[in-house]
Structure formats: structure tokens, C-alpha cells
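> Turn this into a model:
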Amino acid sequence: MFAEPLFRKPTHFLFFTGKGGVGKTSLSCAVALGLADAGKRVLLVSTDPASNLDEMLGATLSDQPTAIPGAAGLFAMNIDPDKAAEAYRARVIDQLGPDVGEDEKATVREQLSGACTIEIAAFDEFVGLLAGDAPEYDHIIFDTAPTGHTLRLLSLPRAWTGFLHGNDRGASCLGPHSGLKMQETRFRAALDALADPERSSIVLVTRADRGAVREASRTSDELRALGLANQRLVVNGVFHASGQGDPVANGLARDHAAVLAQLPPNLAALPRSEVPLRSFDMVGLPALRALFRADEMTKDMAALPPDIDEPGLAAMVDDLARAGRGLVMVMGKGGVGKTTVAAAIAVGLVKRGHQVHLTTTDPAAHVALVMDGNLSGLTVDRIDPIAETTRYVEKIMATKGRDLDEADRALMLEDLASPCTEEVAVFHAFSRIVAEARSAFVVVDTAPTGHTLLLLDATGAYHRQMTQDMGAIQGRIVTPLMRLQDPDYTRVVLVALPEITPVSEAASLQEDLRRAKIEPWAWVVNRAMSKTGTTDRLLRKRIVSEAAQITRIRSGLAERLYVLPFCPEPPVGVDRLSDLTRE
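Reported below is the predicted structural model:
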């Protein structure tokens, strides 16, 4: 029987959110499966552009609810951004009426071709479920994208409702006003549903990790600012050592206990559940059903595989340093340690005598927290969406708006108040950073996979527009996409944990990059337990699983593979990061 205290009296809508890699998908799948096993009719929806519900549930999903074999009453779907965008464009164009010519329709299609439209269209699907488009389900569970992306999603109802209030023209970047104006009632209904504690619960998922807890605390405050106080906390993967003689296990258990004892006041005040660390990967219905049960799979000591002999980060930084300059983009699923790897690369390059700019495109940026100090030769900053939007609006008003009268300037400012403007501003900032690598090292800690792919979509759209506009003289321009496609200019490093799902997601990201003609340079497997010498039963079981994944990467996924061992305490600060790449 489904006895997890997390949802003995669940609300109709359940939103799982948190830092990448904390286990939102595992928990949302396990809760959905448990409710279905208890006789409820449940719809599980992923709003993550890099969803892996298919692998978790062992089913092929689409943008329509699909019954999950072996789980009566459970249905799941992925909100497909591209299909949603195409359907959204069709609805807008249909509203133009029969008197509109093909030229105007073509103009509208062009206006609706950017990454912003993809986001709004996916959001429209999300709003529909909140507004009552699926009344046949007892519960609708949302497995969301990592925090930064989700906070933007949850803020969109308010942003668009405010923007549309009294605005009969609508956002110029989205075509005619009818494309959004027709949604205003649904947006308001979505806001009401989100804020109603009788209908919705916001589930903050974290691990017993200081960085994840900091982000959960910040997310809790930001959600409250949006009027979403109906929150609860789940701490996933809490480790308890099985004996007293293993320093690795004891150190990990002490660290987890200390994090839980020092939760920030806003999190400590929330209703809380703790889910133990398990020895098995959370893939497939049996594993998901076992998540909330006692782990019976760790009684016997596991026979350990041969030692892993791949080089570490020091060798990787040596290889990168030989180029003398260039763009290093660190990519991967949320929570795999991209920020740690990016910061370690940057510190290692500085220690080898290079000037380095370390930055991030992640809306939930925490590079500065990992660095925790200064280093001569290293510049650390982030692409701040708010600051970049302000800069972009000021630039547009000073150029395109310079010769307009006051009435037209007011209309231009009204258009620029659109939430789409932020996407454009962030892309322009990213383009500036890409160009810097012509003369120095630039290391970019990217946002989790889905958000990064949207940024790359914008980069590709800009490239297509530029080459189309330049016509016969396009050979004179170099777009940001062309720089990303140049292996002598850009080196993409994919980071994964030695687990089934992160490796599968990194492989999927690699294929997406290859379709954009961007070839990953290397893979990094982070937090490998193999070299720790642990005797803890549960951790030894995990070593057996991770060895299988490292073998999988070796066997054709990665041209270069580097391994970063598990650290009982997170490597925070310049000195600790320097140790990871010491020559």
C-alpha cells in the first residue's frame, strides 16, 4: 500500500521543483505511481524541455496522455515545445480571418519563429492543464525543469496578465494581439489555481547538500513573492552509514546530518519528508515502487569491478591549455556538477598562466558560491537576465527610439515590457561572451540542458536570419553559431554522473548538439565512488552500477573521457578547486 506520508491527503495539482539533479523526476514518478496503485487516476506531466520520463517509466511518451503499462490509472505526457509552438502559430494565424493575405500571414509566421514563442507555447499547454482542460484526473503532477527555468514558468501567468492588462496591441514579437489576448482569462485561472492551497501544492525537492539547500531556500522565497506559499519540502537521498569503520561513509553521513540540522529558517518551517539514499538506479516501475520502501538490496557485500583508470581533470586542463585561448562550454543535466567542473577548469587554466573569464548562463547561477574567493587572472560574473534586459531596452530606446515622438516612444516601451524581451537580451549577452574567446579563455557554466537548448535555438534562429539578410555577402560575417561549430574555437565538455539517467541525458544532449553541427570535445564523469575504498554495503552496490555506466561511455559515447572522484565534502573555494586540477 502507498504509505509515503508526503501525500496522504494530496491536492489536485502537485508541482515538483528544485535544483537540477535532486531527484524531482524520480520522486514525481514514484508519487504518481503510488497514487495510481492506490486507485487514483493520475496524469504525470513533464514541463522540462529535456524530459526523461520515457526512460523512467519504460514507456514511449508524446504530447498527449499515454497509459503506462503495468500501472493502471497512471498516464504521462511530455509537453513538446516544438509541437506546442506549431499549434500555437496555427491558432494565431486562424484568428487573422479570411481577409488577411498570404504576405501578412508569412510575416506573422516569421514573428512567431523565435525561442520566445516556443516558451510561450509550452507555457500555454501548462496553463490549459491548470485551467481545467483535463478534468478526468484525480491528480495532475508536474515534473518541472530545474529551478531557474521553472521560476520563469511559474511567473509567466502574472507577467503576461500584467502585460496584457489594458494592452490591446499585444507584444510585437508574438504577432497580432489576438494571439495572446485570447489567453488572458486562462492566465488568470492559472494564477488562481497556482495560489490556492486547497488545489495546489508546491513541492520543493532538495538533497542534503549545502548548494541544493541554498537554492531551495532562495526558491522558497521567490515562490512566496509570486503568491505561492503552499509549499512543502522533500529531502532526497539522505545517507545513513551501515557501520562505524568506513571513513568515507561516516563522513558522508555526518555531512548530511549537519546539513539537515542547519536548514535555513524558511525551509525548517515547512512540512518535511526525508527519502533515504538507495543503492539502485531510479529507472523502471519496480525501482520507483521500491523508492519509499526499505532497501533490501544492500544486505550482501558487492564484488567490486576493476579500478577505473581514466585520467582526471588535471589532464583535461593540460589538454585545454595547449590551445592558448578559446571558449569552453560545460554542459549537462542539472545537478551533475557542471558548476564545480567549470570552476575547476577556470582555476586550473589560471594556475597554468592564462587569463580566464568564468561566467554562467544559468538563471539560478551559483558560480560565485562555488568559487568562494578571488584569484588573480580570473574574472567571475554571470549573465543577469534583469540587468541584461535593462541594458537591452536602454540600447533600443537610444537607437530605434531616438527619433520617435513621445507617443511612439511610449508604445515602443510598452512592447519592450514583454517577457519575451528577456530572452532576446540574454541571447545578446551570450553572443558578446562567445566573441571574447577570440583572444582569451572563456569558460561558460551553462544552464541545465533544457534551458541551454532554448538558448542554442535562439542562436540558430539568429544565424539563419543573419545569413538570409546578408545574401550574397554572408561570407563576411561570423555568427555566434558558427563560432560554436568551430572545434578550434569552442570545446564543449559534457558532464554526467555515473548513473543510467544522467548518462542517457548527456547522450541525448550530444545528439542534439550534433544536429546543430556542434561536436562535443569531451565527457567528464563526476562523483565517481570507485576510487574511495569504501566498505559500506550500499556504496559498494552503487560502485557496481557506476562501473557499468563508465563502460557504456567508453564504448563509443565519448571521444575523450575524464573522471572526477567523489569528494566527501563539496569542493568549494579556490584552494579546493585548484586541488582538482593540480599538475
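
> Please count neighbours and contacts with C-alpha atoms only from this point.
Noted.

> Helices along the stretch 401-550 of the chain, start to end?
406-416, 420-436, 449-470, 480-485, 500-515, 537-552 (DSSP state H, counting those that start in this stretch).

> And the stretch 101-250 of the chain, by the same measure?
102-111, 115-130, 147-164, 178-181, 184-195, 210-225, 247-261.

> Where among those is average confidence lowest?
In terms of average pLDDT, helix 178-181 trails the rest of those, at a mean of 48.

> quick revisit: which one of the helices of the stretch 401-550 of the chain has the poorest average confidence?
Among the helices of the stretch 401-550 of the chain, helix 449-470 scores lowest, at a mean of 57.

> The nearest residue to Val283 once chain neighbours are set aside: neighbouring residues, count only.
Distance criterion C-alpha to C-alpha, 6 or more residues apart in numbering; nearest residue to Val283, sequence neighbours excluded, is Met56 at 4.5 Å. Using other C-alpha atoms under 10 Å, Met56 has 21 other residues around it.

> backbone phi and psi for Met56, please?
phi -60, psi -50 (degrees, to the nearest 10).

> State the pLDDT value of it.
pLDDT, Met56: 86.

> pretty sure it is in contact with Pro286, am I right?
No: between Met56 and Pro286 there is no contact under C-alpha atoms under 8 Å: 10.5 Å.

> residues in contact with Ala425?
385, 388-389, 391-392 (C-alpha atoms under 8 Å, 6 or more residues apart in numbering).

> Drop anything exposed from those residues.
385, 388-389, 392 (16 or more other C-alpha atoms under 10 Å).

> Which of the residues you listed sits closest to Val495?
Pro385 (24.5 Å; C-alpha to C-alpha).

> Need the buried ones among the contacts of Ala425 in JSON lines (columns: pLDDT).
Output for the buried ones among the contacts of Ala425, formatted as JSON lines (pLDDT from 0 to 100):
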{"residue": "Pro385", "pLDDT": "80"}
{"residue": "Glu388", "pLDDT": "84"}
{"residue": "Thr389", "pLDDT": "85"}
{"residue": "Tyr392", "pLDDT": "85"}
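
> Could you tell me which of those residues belong to strands?
The members of the buried ones among the contacts of Ala425 all map outside strands under DSSP state E.

> Give me the contacts around stretch 210-217.
In contact with stretch 210-217 (C-alpha under 8 Å, 6+ apart) are residues 18-19, 22, 204-207, 259, 263-264, 266-267, 364.

> Mind giving me the PyMOL command for buried ones among those residues?
With 16+ other C-alpha under 10 Å as the criterion, this PyMOL line picks the buried residues out of the contacts of stretch 210-217:
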select buried, resi 18+19+22+204+205+206+207+263+267+364
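
> Low-confidence stretches in the stretch 251-400 of the chain?
Scanning the stretch 251-400 of the chain with the threshold set as pLDDT under 70 gives 294-308, 363-366, 368-369.

> redo that, cut-off 80
Applying pLDDT under 80 to the stretch 251-400 of the chain flags residues 281, 293-309, 333-335, 361-374.

> ranges for the strands of it?
272-276, 326-331, 356-360, 378-380 (DSSP state E, counting those that start in this stretch).

> now for the second one, which elements pack on it?
Just to be clear, that refers to strand 326-331. Identification of packing neighbours for strand 326-331 by 3 or more C-alpha pairs under 8 Å, 6 or more residues apart in numbering; DSSP states H and E yields helix 338-351, strand 441-445, strand 490-496.

> hmm, back to that, tabulate the strands of the stretch 251-400 of the chain (TSV), appending distance to Ala90.
What follows is these, written out as TSV (distance: least, C-alpha to C-alpha, whole Å):
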stretch	distance to Ala90
strand 272-276	44
strand 326-331	33
strand 356-360	35
strand 378-380	44
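
> what's Leu564 sitting at in phi/psi?
phi -110, psi 120.

> For it, which residues are in contact?
Leu564 touches 312-313, 524-528, 580, counting by C-alpha under 8 Å, 6+ apart.

> what distance separates stretch 441-450 from the centre of its chain?
Put simply, stretch 441-450 sits 11 Å off its chain's centre (C-alpha atoms, centre = their mean, to the nearest Å).

> Which residues does the helix or strand where Asp54 lies contact?
Mapping Asp54 onto the secondary structure by DSSP states H and E places it in helix 53-57. Residues outside helix 53-57 that contact it (C-alpha under 8 Å, 6+ apart): 25-26, 29, 46, 60-61, 68, 76, 78, 282-285, 501.

> Filter these down to the buried ones, ChimeraX style.
To isolate the buried members of the contacts of helix 53-57 in ChimeraX, using 16+ other C-alpha under 10 Å:
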select :25,26,29,46,61,68,76,78,282,283,285,501
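
> which one among the contacts of helix 53-57 gets closest to Pro571?
Of these, the one sitting nearest to Pro571 (C-alpha to C-alpha) turns out to be Thr501, at 23.8 Å.

> how far away is the closest one from Gly332?
Using C-alpha to C-alpha, to the nearest Å, Thr501 is found at 12 Å from Gly332.

> same question, Arg224
With C-alpha to C-alpha as the criterion, Arg224 and Gly332 are 29 Å apart.

> More neighbours: which of those two?
Gly332 (31 against 13).

> mind listing what the more buried one touches?
338, 446, 448-449, 494-496, 505-506, 509.

> Out of those, flag the one nearest to Glu436.
Thr446 (16.3 Å).

> Just give the nearest non-adjacent residue to the closest one, would you?
Leaving out its chain neighbours, Thr446 is closest to Thr361 (C-alpha to C-alpha, 6+ apart), at 5.0 Å.
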